[in-house]
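**Q** Any chance you could fold what I've pasted below:
(one chain, ligands or ions: 2)
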Amino acid sequence: MQTCLRASDLDSFLVDKIPRAAYYIPDYISEQEEEYLVRQVYNAPKPKWTQLSGRKLQNWGGLPHPRGMVPEKLPAWLRVYTEKISSLGVFGGNSANHVLVNEYKAGEGIMPHEDGPLYYPTVTTISLGAHILLDFYLPVDQESLEEQHQVNKTEEQRHVFSLLLEPRSLLLLREDLYTSYLHGIRPVTCDALSPRVANLERCHAHPDHMLQRGTRVSLTIRYVPKVLKTSLFLGKGR
Ligand SMILES: O=C(O)CCC(=O)C(=O)O
Ligand SMILES: [Fe+2]
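**A** Ligands and ions are numbered 1, 2, ... in the order given. Okay, the predicted model is just below:
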């Protein structure tokens, strides 16, 4: 690891002046590790990819389901990182057991959404290959977050701030930013940086730069608490 991060260091990476809590760790991995991870992602068997509108993804660890996830062992190349990140205590002492790999080409993105109740309410993201702006929005149904009713507002009006995710960085989201805000990535080919980008001080990019998007791969690492014991299904007489 480039940044040898310990649990006690985490607080110094908290992004301030935004709701709790986003931790942004630039250069979390080295260029060699980035290259290695990208190679592993593209070495995965073709059927591992699912093409969605606006991005491609690989699901590792099992399919999260309200009744419980049938767990699948994570490959060693992902386990190195799920274990290092879990050792920071960010999943309440549990080990991450699920990784979603996303690939976005320039101009692709993901609609504003919340990650939902199937996951422990923390998500950690390693970015590879290129930057992206992750945009945060007030949800339409949470009047309490702001005085005015959100329903009649446009997406642009509900946009509160963004985080610049540069390649090789680690992002950790939890608390209100996980449970009460939506996040998304606009499908654009170029990002103008502005004071709305809350973590610019921690980034390499210059505040008045226009950043051209490239192909970005993200590893979103989570813990799914509700897991089925596969042995129940493999027992005799079934
Ligand atoms: O690629 C990212 O950083 C965000 C992906 C995301 O929001 C998700 O997989 O739920
Ligand atoms: Fe998400």
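
**Q** Let me know the pLDDT of the residue lying closest to residue 185 once chain neighbours are set aside.
**A** Excluding the flanking residues, the one nearest residue 185 by Cβ to Cβ, 6 or more residues apart in numbering is residue 109, at 3.8 Å. (C-beta placed from N, C-alpha, C; glycine too.) You'll see residue 109 listed with a pLDDT of 97.

**Q** Likewise for residue 156?
**A** 84.

**Q** count of neighbours near it?
**A** For residue 156, the tally of surrounding residues (other Cβ atoms under 10 Å) stands at 8.

**Q** Can you tell me the SS state at it?
**A** Classification of residue 156 using DSSP: H, G, I helix; E, B strand; the rest coil returns helix.

**Q** Begin at 484 from now on, thanks
**A** From this message on, residue numbering opens at 484, which makes the last subject residue 639.

**Q** measure the residue nearest to residue 668 to residue 505 for me?
**A** Distance check for residue 592 against residue 505: by Cβ to Cβ, to the nearest Å, it reads 19 Å.

**Q** higher neighbour count, those two?
**A** The residue with more neighbours, out of residue 592 and residue 505, is residue 505; 25 against 18, by other Cβ under 10 Å.

**Q** Surely the more buried one touches residue 685?
**A** No - counting by Cβ atoms under 8 Å, residue 505 stays clear of residue 685, with 10.6 Å between them.

**Q** Name the residues contacting each of the two.
**A** residue 498 (Cβ atoms under 8 Å, 6 or more residues apart in numbering).

**Q** Residue 502 touches residue 657, doesn't it?
**A** No - the pair residue 502 / residue 657 is not scored as a contact, 11.1 Å apart, by Cβ under 8 Å.

**Q** going on from the top helix by length along the chain, what's the next piece of helix or strand?
**A** As assigned by DSSP state H, the longest helix anywhere in the chain is helix 514-526. On the C-terminal side of helix 514-526, the nearest following helix or strand under DSSP states H and E is strand 532-535.

**Q** Can you tell me which residues in the chain are near ligand 1?
**A** Counting by Cβ under 6 Å from any ligand atom, the residues of the chain lying close to ligand 1 are 583, 585, 593, 598, 608, 617, 666, 701, 703.

**Q** And the residues you listed, which of them are buried?
**A** Applying a neighbour-count criterion of 16 or more other Cβ atoms under 10 Å, the buried members of those are 583, 585, 593, 598, 608, 617, 666, 701, 703.

**Q** List the residues that contact residue 615.
**A** 587, 647-648, 668, 674, 696, 699, 701.

**Q** Show me what the longest helix of the chain is packed against.
**A** helix 559-569, strand 605-611, strand 699-705 (3 or more Cβ pairs under 8 Å, 6 or more residues apart in numbering; DSSP states H and E).

**Q** now do 10 Å
**A** Using 3 or more Cβ pairs under 10 Å, 6 or more residues apart in numbering; DSSP states H and E, the elements in contact with helix 514-526 are helix 559-569, strand 581-587, strand 605-611, strand 699-705.

**Q** Could I get those in a markdown table, plus columns for distance to residue 553?
**A** Compiled in a markdown table, the helices and strands packed on helix 514-526 are given as follows (distance: least, Cβ to Cβ, whole Å):
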| stretch | distance to residue 553 |
| --- | --- |
| helix 559-569 | 18 |
| strand 581-587 | 12 |
| strand 605-611 | 21 |
| strand 699-705 | 16 |
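
**Q** can you put those in CSV and add mean pLDDT?
**A** As requested, the helices and strands packed on helix 514-526 are exported to CSV (pLDDT from 0 to 100):
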stretch, mean pLDDT
helix 559-569, 98
strand 581-587, 98
strand 605-611, 98
strand 699-705, 98
